[in-house]
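[1] what would the 3D arrangement of this be:
(one chain, ligands or ions: 2)
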Amino acid sequence: MAARVCLVHYHEVGLKGKNRAHFEHILMDNIKAALAAFSVNAVSRISGYILVTFNEHQADEAARVIRTVPGVARVSLAYHTNRDPQEYCAAAVKALREFGSFDSFKVHAKRSNTDYELTSIDINRQVGEVLCEAFPDKKVQMHDPDAMVHVLVVQGSVYVYARSERGVGGLPVGSAGKVVTLLSSGIDSPVATWMLARRGAVCVPVHFSGRPQTPDTSEYLVQDIIRALEPGVQIGRLYVVPFGDCQREISVTCPSNLRVIMYRRIMYSVAERIAHIEGAKAIVTGESLGQVASQTLENIMAVNEAVKIPVFRPLIGSDKQEIIARAEEIGTFDISTEAAPDCCTLFMPRRPETHAKLDAVHEAWELFDHEEMIERLLKQTEYIDFESNTYKAPKTLKRKHSELAPREIYQDHE
Ligand code: ATP
Ligand code: MG
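    Ligands and ions are numbered 1, 2, ... in the order given. The predicted structure is shown next:
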């Protein structure tokens with residue numbers, strides 16, 4: 001019987017010219033890592049595709065996982081047969097049968113090597129005839145058919161498929177360097193993090209918790225968010241900064257309308273320092289223009305100028321509904337809507353400034369020893385490690401281990 005395999009298609013990876021092999025290898029490694037729970041026989045390259053074979057009947061379930069791996073444009077559930085026409089024609093019948101509802105179809109054959117005596121046109125005709133017999137009430141249609149039966153001849157093998165589903169696209173994680181992402185347990189920043197991962201960046205999230213002024217619920221939610229992105233997107237390390245006491249200090253020394261801006265300048269500054277330690281080249285936030293009072297252009301500028309590193313805001317032009325749809329798709333929405341006090345809800349002023357004036361911001365910034373506070377927060381920063389094939393821990397951190405006391409790995413909570 002024909003074996004069931006996954007054929008992975010990648011667009012953008014293929015566009016990378018000389019780097020192509022490098023990108024393909026990263027993608028193959030990431031697919032392997034995402035399929036750790038499956039009994040995979042091999043992940044290999046064949047003629048512009050990545051082929052995943054299994055020891056058990058797991059291709060259907062695995063295809064669902066592979067679709068979530070950045071860099072994957074499509075996944076086709078294929079039958080692998082030898083070059084015996086009886087075999088691949090029978091596979092074509094099965095492939096079309098499981099396609100779902102359709103009225104018209106077409107066969108599309110492709111040979112990656114020409115030592116097979118039949119041309120693609122011959123194969124189209126041969127398989128087409130068998131399908132016409134098996135599906136007498138369906139019509140063959142050359143232009144825009146409902147179903148397409150692909151027959152791919154590669155060396156001694158033939159791969160036949162009709163079912164093919166879209167993947168998340170983008171580039172494989174690990175092909176675009178490292179970024180630090182400001183990850184709250186809200187709806188937006190998990191989506192922003194995922195978007196950078198989809199563009200190939202290794203994401204290193206930093207979460208500011210209200211601890212010890214609030215319970216640590218948000219820290220657990222953030223870990224749940226990281227787990228929800230798995231196995232397609234794997235995050236290797238989460239930094240947690242207990243921010244509550246510093247927020248309290250800021251709230252007693254600075255004008256209340258500027259508190260949020262001061263919190264954020266500190267958050268960005270700490271994130272910049274972590275980025276430096278990690279060798280990350282940008283900070284990512286989930287801000288969306290005008291979504292809340294603090295996300296006006298003036299406020300964004302008043303916060304942004306506290307750091308030199310580029311700050312990316314992939315959601316800046318997105319509507320909340322679009323962000324929610326994406327959060328649902330990537331599986332973080334339900335976690336993000338669980339209520340948790342975090343540093344955002346702590347010491348919130350009644351009337352936060354919506355159009356901060358830079359002079360006033362600079363004045364408030366000098367009202368407390370911000371440099372000392374950033375240093376102190378860095379010393380109190382904890383990290384939690386997760387399984388990831390793309391994250392490499394910074395060497396400098398290993399040497400200065402005492403600077404960042406590791407916290408016990410969180411395993412389960414109610
Ligand atoms: P989100 O849904 O991502 O929390 P939001 O709409 O609640 O966003 P804000 O609370 O203004 O917006 O936060 C803007 C951005 O600042 C967030 O998207 C996130 O990147 C960052 N941020 C906010 N709170 C935290 C936090 N506690 N820890 C880390 N980053 C945070
Ligand atoms: Mg928030």
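[2] tell me the secondary structure at the residue in the stretch 251-400 of the chain that ligand 1 sits nearest to.
    Ligand 1 sits closest to G286 of the stretch 251-400 of the chain, with a gap of 2.6 Å, by Cβ to the nearest ligand atom. Every C-beta, even on glycine, is put in place using the N, C-alpha and C of the backbone. Secondary structure assignment for G286 (DSSP: H, G, I helix; E, B strand; the rest coil): coil.
[3] before we move on, what about K110?
    From three-state DSSP, the assignment for K110 is strand.
[4] got it, and S76?
    Going by three-state DSSP: S76 is strand.
[5] I'd say it and R4 touch.
    No - contact between S76 and R4 fails when scored by Cβ atoms under 8 Å: they sit 11.1 Å apart.
[6] skipping adjacent residues, who's closest to G174 in space?
    Among residues not flanking G174 along the chain, T390 sits closest, at 3.8 Å (Cβ to Cβ, 6 or more residues apart in numbering).
[7] ok, F99 next?
    Nearest non-adjacent residue to F99 (Cβ to Cβ, 6+ apart): A162, at 4.3 Å.
[8] so the one you found makes contact with P145?
    No - between A162 and P145 there is no contact under Cβ under 8 Å: 10.5 Å.
[9] overlap in contacts of those two?
    Counting by Cβ atoms under 8 Å, 6 or more residues apart in numbering, the shared contacts of A162 and P145 are F105.
[10] please name the residues that touch T285.
    For T285, the contact set (Cβ under 8 Å, 6+ apart) comprises 181-182, 189, 192, 311-313.
[11] before we move on, what about V151?
    Neighbours of V151 in contact, by Cβ under 8 Å, 6+ apart: 88, 92, 107-110, 123-124, 127, 158-160.
[12] how does it look with 6 Å?
    109, 123, 127, 160 (Cβ atoms under 6 Å, 6 or more residues apart in numbering).
[13] rewinding a little: phi and psi next, for the residue nearest to F99.
    Backbone torsions of A162, given as degrees, to the nearest 10, read phi -130, psi -40.
[14] got the contact list for it?
    95-96, 99, 147, 149.
[15] and the gap between it and M28?
    25 Å (Cβ to Cβ, to the nearest Å).
[16] that older thread, what is the neighbour count of the residue of the stretch 251-400 of the chain closest to ligand 1?
    25 (other Cβ atoms under 10 Å).
[17] report the contact partners of it.
    By Cβ under 6 Å, 6+ apart, the contact set of G286 is 188-189, 192, 315.
[18] make a markdown table from the residues you listed and add neighbour count and distance to ligand 2 to it.
    Below are the contacts of G286 laid out as a markdown table (neighbours: other Cβ atoms under 10 Å; distance: Cβ to the ion, whole Å):
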| residue | neighbour count | distance to ligand 2 |
| --- | --- | --- |
| D188 | 26 | 7 |
| S189 | 24 | 7 |
| A192 | 26 | 11 |
| L315 | 24 | 12 |
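[19] which of those fall in helices?
    Mapping these onto helices (DSSP state H) picks out 188-189, 192.
[20] contacts with ligand 1 among these, please.
    Counting by Cβ under 6 Å from any ligand atom, 188-189 from the ones in helices among the contacts of G286 sit close to ligand 1.
[21] of all the ones in helices among the contacts of G286, which comes closest to L118?
    Closest approach to L118 among these (Cβ to Cβ): A192, at 50.7 Å.
[22] from what I can see that closest one touches E287, true?
    No - judged on Cβ atoms under 6 Å, A192 makes no contact with E287 at a distance of 8.1 Å.
[23] the residue lying closest to Y116 once chain neighbours are set aside bridge partners, please.
    Excluding the flanking residues, the one nearest Y116 by Cβ to Cβ, 6+ apart is V153, at 5.4 Å. Counting by DSSP bridges, V153 is bridged to R111, V158.
[24] V153 against N113, yeah?
    No - judged on Cβ under 6 Å, V153 makes no contact with N113 at a distance of 7.5 Å.
[25] of those two, which one has the most company?
    Using other Cβ under 10 Å, the more surrounded residue of V153 and N113 is V153, with 23 against 10.
[26] ok, that one to ligand 1 distance?
    Noted for V153: a distance of 49 Å to ligand 1, by Cβ to the nearest ligand atom, to the nearest Å.
[27] any idea how far that residue is from R111?
    Counting by Cβ to Cβ, the gap from V153 to R111 is 4 Å.
[28] quick one: which helix or strand includes the closest residue to N389 other than its chain neighbours?
    Sequence neighbours aside, A33 is the residue nearest to N389 in space, at 4.0 Å (criterion: Cβ to Cβ, 6+ apart). For A33, the enclosing helix or strand under DSSP states H and E is helix 20-34.
[29] what's the next secondary structure element after that helix?
    Following helix 20-34 in sequence, per DSSP H and E, is strand 40-46.
[30] ok, and what's touching that next one?
    Defining contact as Cβ under 6 Å, 6+ apart, one finds that strand 40-46 is touched by 24, 28, 31-32, 51-55, 154.
[31] any of these buried? List them.
    Among the contacts of strand 40-46, those buried by neighbour count (16 or more other Cβ atoms under 10 Å) are 24, 28, 31-32, 51-52, 54, 154.
[32] closest to ligand 2 out of the residues you listed?
    I31 (32.9 Å; Cβ to the ion).
[33] quick one, grab the pLDDT at that closest one.
    With respect to pLDDT, I31 scores 98.
[34] now the strand or helix carrying Q223: mean pLDDT?
    In the assignment (DSSP H and E), Q223 maps to helix 217-229. What helix 217-229 shows for mean pLDDT is 96.
[35] measure the residue nearest to G232 when sequence neighbours are not counted to ligand 1 for me?
    With Cβ to Cβ, 6+ apart as the criterion, G232 has its nearest non-adjacent residue at 3.0 Å, and that residue is T68. Noted for T68: a distance of 21 Å to ligand 1, by Cβ to the nearest ligand atom.
[36] SS state for T68?
    For T68, the assignment made with three-state DSSP gives coil.
[37] distance of it from A59?
    Here T68 is placed at a distance of 16 Å from A59 (Cβ to Cβ).
[38] now do S318
    Per Cβ to Cβ, S318 is found 35 Å from A59.
[39] just A339 next, same as before
    Distance, A339 to A59, using Cβ to Cβ: 40 Å.
[40] thanks a lot, see you next time.
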